[in-house]
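>>> Pasting a predicted model and its sequence here:
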Amino acid sequence: MDDTARRNFAYDTEAIRAKDVAHHVHPWTDFADFEKTGSMVVAEAEGATIYDSEGQGYLDGIGGLWCVNLGYGRDEIAQAMADQARRMVYYSSFGHHTSVPAAELAAKVTGLAPAGLNHVLFGTGGSMANDTAIRIVHFYFNRLGKPRKKKIITRHDGYHGSTYLAMSLTGVAFDHQGFDLVGEELIARISAPNCYRRPAGTTEAEFLDLLAGEFEAKVLELGPETVAAFIAEPIMGAGGVVVAPAGYHRRIWELCRKYEILYIADEVVTAFGRLGHFFASEAVFGMQPDILTCAKGFSSAYAPLSGTLISDAFHEVISVPQAPGALFTHGFTYSGHPVCCAAGLKTIEIMEREDICGHVRRVGPYFERRLKSLSDLPLVGDVRGSHFMLCVENVADKETKALLPGEVQIGKRIAAAAQARGVLVRPIAHLNVLSPPLILTEAQIDRMVETLRDSILAVQDDLV
Ligand code: PLP
């Protein structure tokens, strides 16, 4: 079955596009380009396929934005949200109110989380979850009577979001251009654990020693009494699907224990099945973070939903009654929004019933193998990632790993060639990233990989 066959729609594409260009400020957009081309109007979607307003179908290799984990058009989730909206659309969870889905989801998600992460503060996005993590880390050390312990260690090429603080934690230099950062006196950066670009002549094990040594040296330079937390994605996403050398997270986590530094795992992308487990920190990387942030797949993108999960030990400190009249002054109008929590509950129910994690564990290695088959192409320097979080790094020279000049826009050109062939892959600078819905079949994976091969070859022919 061709799952991207054309459909007949009656949308007025030109009128929609004109309104959009005139009034809609798109996130993360090159406006010069945008003014010229406008947007693809994504009108409908089903399974792993999206349809533009002209009825053309595309296999979605991006999963929305690493988030539509269960695929599109799940009636059950829509129904659960509609039922909750009719029953009781919203009540604040500030102070002493809750809703049935917020309480149920808090218990459910902490039950699935790594050991000890028994409490969750809800939000509506990954940036918010990370901002929350840092605010409450600072609150925690204030409560412990250690007001100097405030610094956060982050990594070059880490991505933690787009609010002011989350972007300041982010280490992708490109994303900082033209904007300011906040809290620079509190943020220290260390190297990305990028095995492909590790120092020439080092083995992966030696590279790990270098990275761990750099972390410890940074802690000692800053003074352990000033370092509050380390924040890291288990696999870097937007910074280039960077998989650290084996043992990295556990090693850094052990150093964090040594110096009383909290470990914040940013699982905004990796949680909810993308690596074959509800959470990757413990199941894949063998460590128990003090705080874990998640979003995206939490509701499979059917509603804005995020969580900042905290350990018992941490909760014990921040939940100590404060001075009479004082409050834990953190949270958002839509923290624990009942309709979003209903979407989260139904998402988890479906994931368990359909054994989505098992599917990813079974099919993920096939996906990796198939994508690695592109390594024979002259433009492909590296194929990396894990399970349903993968990328191709395009280079000018496989030997030296030199990149093509930026103006070639190699990632974008390959993505455009793939789109013309009915498959969406995400361009990030010189990379093409794949993070499709987790329901992809082997046949769909074959189609995606073969289309990418044809697209890379077509662009390569264009370059000469
Ligand atoms: N953390 C990571 C690892 C992410 O990949 C993202 C978004 O892609 C975020 C945080 C920010 O999430 P949001 O865009 O929902 O604020």
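On my side now, so go ahead.

>>> For the chain, which residues are neighbours of the ligand?
Contact residues, the chain versus the ligand (C-beta under 6 Å from any ligand atom): 125-127, 130, 159-162, 233, 237-238, 266, 268-269, 295. C-beta: built from backbone N, CA, C; applies to glycine.

>>> Just name the closest of those residues to the ligand, please.
Closest approach between the residues of the chain next to the ligand and the ligand, by C-beta to the nearest ligand atom: G126, at 2.3 Å.

>>> That closest one contacts Y159, correct?
No - using C-beta atoms under 8 Å, G126 is not in contact with Y159; the gap is 9.2 Å.

>>> Would you mark the buried spots in stretch 390-403?
Buried residues in stretch 390-403, counted by 16 or more other C-beta atoms under 10 Å: L390, C391, V392, E393, N394, V395, A396, L403.

>>> now swap in stretch 154-166 and tell me
For stretch 154-166, a neighbour-count test (16+ other C-beta under 10 Å) marks T154, R155, H156, D157, G158, Y159, H160, G161, T163, L165, A166 as buried.

>>> Same check on stretch 224-232?
Within stretch 224-232, the residues that count as buried by 16+ other C-beta under 10 Å are V227, A228, A229, F230, I231, A232.

>>> now these as JSON lines including pLDDT?
Shown next, in JSON lines, are these (pLDDT from 0 to 100):
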{"residue": "V227", "pLDDT": "98"}
{"residue": "A228", "pLDDT": "98"}
{"residue": "A229", "pLDDT": "98"}
{"residue": "F230", "pLDDT": "98"}
{"residue": "I231", "pLDDT": "98"}
{"residue": "A232", "pLDDT": "98"}
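
>>> Strands - which of the residues you listed land there?
Counting by DSSP state E, these place V227, A228, A229, F230, I231, A232 in strands.

>>> correct me, but the fourth one touches I261?
Yes - in terms of C-beta under 8 Å, F230 counts as a neighbour of I261; the distance is 5.7 Å.

>>> Now do the shared contacts for these two.
Counting by C-beta atoms under 8 Å, 6 or more residues apart in numbering, the contacts common to F230 and I261 are I153.

>>> Show me which positions of the helix or strand harbouring A32 end up buried.
Using DSSP states H and E, A32 sits in helix 31-37. Within helix 31-37, no residue is scored as buried using 16+ other C-beta under 10 Å.

>>> so how far is it off the chain centroid?
On the basis of C-alpha atoms, centre = their mean, to the nearest Å, helix 31-37 is displaced by 26 Å from the centre of the chain it belongs to.

>>> one step back: quick one: buried ones out of the residues of the chain next to the ligand?
When these are checked for burial by 16+ other C-beta under 10 Å, the buried set is 125-127, 130, 159-161, 233, 237-238, 266, 268-269, 295.

>>> what's the burial count for the nearest residue to M351 once chain neighbours are set aside?
Nearest-residue entry for M351: G273, 6.1 Å, with adjacent residues in sequence omitted and distances by C-beta to C-beta, 6 or more residues apart in numbering. Residue crowding around G273 was assessed by other C-beta atoms under 10 Å; the count is 28.

>>> G273 contacts K296, correct?
No - using C-beta under 8 Å as the test, G273 is too far from K296 to be in contact (10.5 Å).

>>> Give the residues shared as contacts by the two.
Common contacts of G273 and K296, defined by C-beta under 8 Å, 6+ apart, comprise N69.

>>> can you list contacts of stretch 363-375?
With contacts defined as C-beta under 8 Å, 6+ apart, stretch 363-375 is touched by 275-276, 380, 382-383, 385-388, 390, 392, 434, 440-442, 445-446, 449, 452-453, 456.

>>> what is the mean pLDDT for that stretch?
Averaged across stretch 363-375, pLDDT comes to 98.

>>> residue contacts, the residue nearest to M351?
Taking C-beta under 8 Å, 6+ apart, we find G273 in contact with N69, G297, M351, I356, C357, V360, F388, L438.
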